[in-house]
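[1] Have a look; sequence and predicted model below, questions after that.
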Amino acid sequence: MRDTVMVVGSGMMGSGIGAMSALAGNRTVLVDLDAARAEAGRQKAVECIRLREQNGLASPEQAEAAVGLLFAETDSLAVAGRARLVIEAIVEKVEAKQALFAQLDAVLPVEVPICSNTSGLRITDISARCAHPERTVTTHFWLPAHLVPLVEVVMGDKTDEAVAAAVRDELRGWKKAPVLVKKDLPGQLANRVFQAIIRESIDIVASGLASAEDVDTAISCGMAMRFPVWGPLKHLDAIGLELGLSVQQTVLPSICADRTASPYIEQLVAEGRLGAKTGQGFYDWSTRSIEADMNRRDAFIIEAVKAVERVGGQ
Ligand SMILES: NC(=O)c1ccc[n+]([C@@H]2O[C@H](COP(=O)([O-])OP(=O)(O)OC[C@H]3O[C@@H](n4cnc5c(N)ncnc54)[C@H](O)[C@@H]3O)[C@@H](O)[C@H]2O)c1
């Protein structure tokens, strides 16, 4: 009987992914290198489920059922005997992922998709030693995986689009917002957009147009307020494409189009100003707390997820 979602690697990402799988009603097995790590991952997954329950994102009955569907194991090849879907979330090293994919590919029937949560590697490379790379695909969950809805489903050079579409449809049933990315390129989809925002943000600071705090305020308190339900392309359709075109013609010639890393950030790195961990970056961290800001960020994400569930998403 193939009734199990197997999540290999039960660390920070695997535990959140496992929680969402179990909440969707799947028998879910978290696999790690030893029993202590696998069990720690299962307990973290239970905490993720409880957090959703405490915030009204899962009913007590759903949470109780999900906790009962979570298991911890150490032998991925044994668990593969019942797996209908595999998501790998082990260390970000191509050799380790290649070895695991080759082992699983050799024992799993061809109709079982093998997915990787890689953030920076190509699924094409991860599946290089598989006999059936067409059933491999990236499923890039965003941190924290039990809260942020986005999952980038990225096709490798040999991925069967029907497999990618089936994985996307499965993740929709996990209350996720999966997007299909049809080429295996650096930055997948969302990090390509994010880098464009970061490039311009740094350039605004470097050119003296505004301070780092004001750049972040402009984004956080302006466009980002509508982003959860209103993306930039919907925005263009709303204002009219002829106006969007005219703004592009006026603004694009004066914004940053560099194709290499910013000399400004290179200089900060050379000076040892690495951000919160060294006390200085774009902000002065000697007088503020990154932990407090992270807690506020996570509290906001919970409220945003609740609001999107209320009013509907993108
Ligand atoms: N942390 C993030 O923000 C983030 C976001 C998206 C994607 N990712 C990606 O998700 C993956 C996991 O990241 P993480 O932050 O959860 O790492 P992590 O270190 O918290 O967890 C990785 C787990 O995998 C286990 N592991 C390593 N090799 C294994 C193997 N061969 N078999 C079974 N278990 C094994 C480790 O013991 C560990 O518990 C990476 O590919 C990472 O790039 C991370």
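    Looks like it arrived, so ask away.
[2] contacts, neighbours, all on C-alpha from now
    OK.
[3] Around the ligand, pick out the residues from this structure.
    8-14, 31-33, 37, 89-92, 117-119, 140-143 (Cα under 6 Å from any ligand atom).
[4] Out of the residues you listed, name the ones that lie in helices.
    Members of these lying in helices (criterion: DSSP state H): Met12, Met13, Gly14, Arg37.
[5] which two from the residues you listed end up farthest apart in space?
    Across these, no pair lies farther apart than Met13 and Arg37, at 13.3 Å, counting by Cα to Cα.
[6] So between these two, which is more surrounded?
    Met13 (23 against 19; other Cα atoms under 10 Å).
[7] just checking, the more buried one touches Ala89?
    Yes. Using Cα atoms under 8 Å, Met13 is in contact with Ala89, at 6.5 Å.
[8] Identify the residues contacting the closest residue to the ligand within the stretch 101-250 of the chain.
    Using Cα to the nearest ligand atom, the single residue of the stretch 101-250 of the chain nearest to the ligand is Thr118, 3.9 Å away. Contacts for Thr118 (Cα atoms under 8 Å, 6 or more residues apart in numbering) come out as Ala89, Glu92, Thr138, Thr139, His140.
[9] ditto for Val229
    Val308, Gly312, Gly313, Gln314.
[10] What of Phe282?
    Phe282 touches Ala212, Gly275, counting by Cα under 8 Å, 6+ apart.
[11] now do Gly240
    By Cα under 8 Å, 6+ apart, Gly240 has no neighbours at all.
[12] any idea where the strands of the stretch 101-250 of the chain begin and end?
    For the stretch 101-250 of the chain, the strands defined by DSSP state E, counting those that start in this stretch occupy 114-116, 136-141, 150-154, 177-181.
[13] And the closest residue to Trp230 other than its chain neighbours, what's its pLDDT?
    Once flanking residues are discounted, Trp230 sits nearest to Gln314: 5.9 Å by Cα to Cα, 6 or more residues apart in numbering. With respect to pLDDT, Gln314 scores 83.
[14] doesn't His235 make contact with Gln314?
    No. In this structure Gln314 lies outside contact range of His235 using Cα under 8 Å: 11.4 Å.
[15] Determine the longest helix present in the chain.
    The longest helix of the chain (DSSP H) is helix 290-311.
[16] tell me the mean pLDDT over that one?
    94.
[17] Return the alpha-carbon coordinates of that helix using PDB.
    Taking C-alpha atoms only, helix 290-311 is exported to PDB below (Å, rounded to 0.1, in the frame of the first residue of the first chain):
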ATOM      1  CA  ILE A 290      17.500  41.300  15.300                       C
ATOM      2  CA  GLU A 291      15.700  38.700  17.400                       C
ATOM      3  CA  ALA A 292      13.000  41.200  18.400                       C
ATOM      4  CA  ASP A 293      12.600  42.100  14.700                       C
ATOM      5  CA  MET A 294      12.400  38.400  13.700                       C
ATOM      6  CA  ASN A 295       9.700  37.800  16.300                       C
ATOM      7  CA  ARG A 296       7.700  40.700  15.000                       C
ATOM      8  CA  ARG A 297       8.200  39.400  11.400                       C
ATOM      9  CA  ASP A 298       6.900  35.900  12.400                       C
ATOM     10  CA  ALA A 299       4.000  37.300  14.300                       C
ATOM     11  CA  PHE A 300       3.000  39.400  11.300                       C
ATOM     12  CA  ILE A 301       3.300  36.400   8.900                       C
ATOM     13  CA  ILE A 302       0.800  34.500  11.100                       C
ATOM     14  CA  GLU A 303      -1.600  37.500  11.000                       C
ATOM     15  CA  ALA A 304      -1.100  37.900   7.200                       C
ATOM     16  CA  VAL A 305      -1.800  34.200   6.600                       C
ATOM     17  CA  LYS A 306      -5.000  34.500   8.600                       C
ATOM     18  CA  ALA A 307      -6.000  37.600   6.700                       C
ATOM     19  CA  VAL A 308      -5.400  35.900   3.300                       C
ATOM     20  CA  GLU A 309      -7.500  32.900   4.400                       C
ATOM     21  CA  ARG A 310     -10.300  35.400   5.300                       C
ATOM     22  CA  VAL A 311     -10.300  37.600   2.200                       C
END
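[18] how much space between the residue positioned nearest the centre of the chain and Val5?
    The structure's the chain has its C-alpha centroid closest to Trp142; by Cα atoms, centre = their mean the separation is 1.9 Å. Counting by Cα to Cα, to the nearest Å, the gap from Trp142 to Val5 is 19 Å.
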